[in-house]
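Novice: here's a sequence, model it:
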Amino acid sequence: MIDFTNTVEPQRWRATNDGVMGGLSQGGLKFSDEVSVFSGNISLENNGGFSSIYRPVVPLDRGLDAATIEFIGDGLTYQMRVAVAINGYRVSYKHEFETQAGVRQSVTLPLSEFKAVFRGRIIQGAPTLKSEDIRQVGFLVTSKQQGPFALTLFSLKIQPTYKEV
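Specialist: Residues are numbered from 1 along each chain as shown. Prediction:
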C-alpha cells in the first residue's frame with residue numbers, strides 16, 4: 001500500500017510534464033495539510049497538454065487483481081498508470097477514472113481492464129496486466145483544456161478482490 005498521508009511519500013515520486021515534448025504544463029506531488037496533492041497547471045501551448053507523476057514499487061505478489069485509490073478530485077478525468085517489465089521490455093498500461101470536485105471517493109480498478117499504451121495510443125494484442133510484472137505506478141492528467149488541476153491522494157492499494165460465490 002502507498003500511504004499518501006506519510007510526509008515522506010512525495011519524495012519518492014517524480015514528475016514528467018509535457019515539457020519533454022516542448023509543452024509548458026507544470027505539475028508535481030507535494031505534501032500539504034496531512035495529505036499528498038498532485039497539482040499544477042495544464043497548458044496547451046507548444047502542443048502541450050499533460051502532467052504526470054510516477055514512482056517505482058517493489059515487486060508485487062502474484063495474483064493481485066485490482067488497484068484501489070482513495071482521493072478527492074477536482075472534476076477532471078485522471079489516469080492511473082503502471083509500467084511493467086515483460087521479457088526485458090517496458091510496457092505502460094492505463095486506466096481512466098472520473099473525479100467529482102471536492103468529494104472524497106474510492107475507486108477500484110480491475111487490472112484486467114488496464115490498456116497497454118504507447119504515447120497515448122492503445123497497443124493492440126498486448127498481454128493482460130499482471131501484478132507481479134508491475135515495476136512503477138503513477139497518475140496522469142490530460143484534460144484538453146488549459147487550467148489548474150488538483151488530485152488529493154490518500155492511498156493506493158494493489159490487492160486481490162474478494163468475490164462472493
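
Novice: hmm, who's touching the lowest-mean-pLDDT helix or strand in the chain?
Specialist: None of the helices or strands of the chain scores lower by mean pLDDT, DSSP states H and E than strand 121-122, at a mean of 88. By C-beta atoms under 8 Å, 6 or more residues apart in numbering, the residues outside strand 121-122 that reach it are 115-116. Just so you know, the C-beta spots here come from the backbone N, C-alpha and C atoms, and that holds for glycine as well.

Novice: run the chain-centre distance for the helix or strand just after that strand.
Specialist: Note on strand 121-122: by DSSP states H and E, the next helix or strand toward the C-terminus is strand 134-141. Chain-centre distance of strand 134-141: 4 Å, with C-alpha atoms, centre = their mean, to the nearest Å.

Novice: strands paired with the strand of greatest length in the chain, and their directions?
Specialist: Counting by DSSP state E, the longest strand found in the chain is strand 147-159. Strand 147-159 has its sheet partners listed here by DSSP bridges as strand 2-3 (antiparallel), strand 35-42 (antiparallel), strand 66-72 (antiparallel).

Novice: hey, C-alpha coordinates of that strand in CSV?
Specialist: Taking Å, rounded to 0.1, in the frame of the first residue of the first chain, the C-alpha atoms of strand 147-159 are listed here in CSV:
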residue,chain,number,x,y,z
GLY,A,147,-6.1,25.4,-16.4
PRO,A,148,-5.3,24.2,-12.9
PHE,A,149,-5.7,20.7,-11.6
ALA,A,150,-5.5,19.1,-8.2
LEU,A,151,-5.9,15.5,-7.1
THR,A,152,-5.6,14.9,-3.4
LEU,A,153,-4.4,11.4,-2.7
PHE,A,154,-4.9,9.4,0.5
SER,A,155,-4.0,5.8,-0.5
LEU,A,156,-3.3,3.4,-3.4
LYS,A,157,-3.6,-0.3,-2.8
ILE,A,158,-3.0,-3.1,-5.3
GLN,A,159,-4.7,-6.2,-3.8
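
Novice: list the buried residues in it.
Specialist: Neighbour-count burial for strand 147-159 flags 149-156, 158 (criterion: 16 or more other C-beta atoms under 10 Å).

Novice: who does the residue nearest in space to the middle of the chain bridge with?
Specialist: Per C-alpha atoms, centre = their mean, the C-alpha nearest to the average position across the chain is that of Phe139, at 2.1 Å. For Phe139, the beta-bridge partners under DSSP bridges are Ile53, Met80.
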